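A.B. asks: just need the structure, nothing else, for what follows:
(chains A and B)
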Amino acid sequence: ILNVEQSPQSLHVQEGDSTNFTCSFPSSNFYALHWYRWETAKSPEALFVMTLNGDEKKKGRISATLNTKEGYSYLYIKGSQPEDSATYLCAFPWSNTGKLIFGQGTTLQVKP
Amino acid sequence: DTAVSQTPKYLVTQMGNDKSIKCEQNLGHDTMYWYKQDSKKFLKIMFSYNNKELIINETVPNRFSPKSPDKAHLNLHINSLELGDSAVYFCASSRGWSTEAFFGQGTRLTVV
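C.D. replies: The predicted model follows:
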């Protein structure tokens, strides 16, 4: 069974707090790991695509790390702002089947 | 220019009707997908097409039939609509199955 698990399911933080969440995926047949940001009433938008073990990517205050051997990725947000409130999804392309499997997401709410 | 566009954005219809949702991408991508967002906001893959060829049919009832007239279009036709088909449907495209996906704005289907 292919499982992409994200934790926590939801998170409430104060403005200025730094936070992180986890995506777990199968460590065999790894090709890539995607992170998406999904704001309410919009469609998911890609943040990062990571392919190499030990990869670290950064976009502004958001960064992500990847461990393909143990099958996890962390997403970090430094100094959270209310506009960071969204659901953060990770996705795992399964082998060469054309299946892009999404986790259930972590919903972040940043209070001013 | 909208990269991935779906029409209509909202669709309200009666049980038993047949309806279509259209999707077009102007990104020159080879791979297109249909996802169904369930009540918990989980994105579940329905179909994946590569170069007009069906790659994945993810145990979707055969009342759902995707049609890809060309690489830039992947339409979703649904026959004999049921109440349980009510959901938001997202179309997406990518250069390949391991690269980032670009999503349409979603179609909210309500079956009454």
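
A.B. asks: now do the strands in chain B.
C.D. replies: B:4-7, B:10-13, B:19-25, B:31-37, B:43-50, B:53-57, B:64-67, B:75-78, B:87-94, B:102-103, B:107-111 (DSSP state E).

A.B. asks: weakest of these in terms of mean pLDDT?
C.D. replies: Comparing mean pLDDT across these, the weakest is strand B:53-57, with a mean of 77.

A.B. asks: okay, the strands of chain B in JSON lines with distance to chain A and mean neighbour count next?
C.D. replies: In this view, the C-beta of every residue, glycine as well, is placed from N, C-alpha and C. What follows is the strands of chain B, written out as JSON lines (distance: least, CB to the nearest CB, whole Å; neighbours: other CB atoms under 10 Å in any protein chain shown):
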{"stretch": "strand B:4-7", "distance to chain A": "8", "mean neighbour count": "19"}
{"stretch": "strand B:10-13", "distance to chain A": "12", "mean neighbour count": "14"}
{"stretch": "strand B:19-25", "distance to chain A": "12", "mean neighbour count": "20"}
{"stretch": "strand B:31-37", "distance to chain A": "7", "mean neighbour count": "24"}
{"stretch": "strand B:43-50", "distance to chain A": "4", "mean neighbour count": "21"}
{"stretch": "strand B:53-57", "distance to chain A": "4", "mean neighbour count": "15"}
{"stretch": "strand B:64-67", "distance to chain A": "13", "mean neighbour count": "17"}
{"stretch": "strand B:75-78", "distance to chain A": "16", "mean neighbour count": "19"}
{"stretch": "strand B:87-94", "distance to chain A": "6", "mean neighbour count": "24"}
{"stretch": "strand B:102-103", "distance to chain A": "4", "mean neighbour count": "22"}
{"stretch": "strand B:107-111", "distance to chain A": "10", "mean neighbour count": "18"}
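
A.B. asks: a markdown table for those, including distance to residue A:31?
C.D. replies: A markdown table is the format used below for the strands of chain B (distance: least, CB to CB, whole Å):
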| stretch | distance to residue A:31 |
| --- | --- |
| strand B:4-7 | 22 |
| strand B:10-13 | 35 |
| strand B:19-25 | 22 |
| strand B:31-37 | 13 |
| strand B:43-50 | 14 |
| strand B:53-57 | 15 |
| strand B:64-67 | 24 |
| strand B:75-78 | 26 |
| strand B:87-94 | 12 |
| strand B:102-103 | 18 |
| strand B:107-111 | 29 |
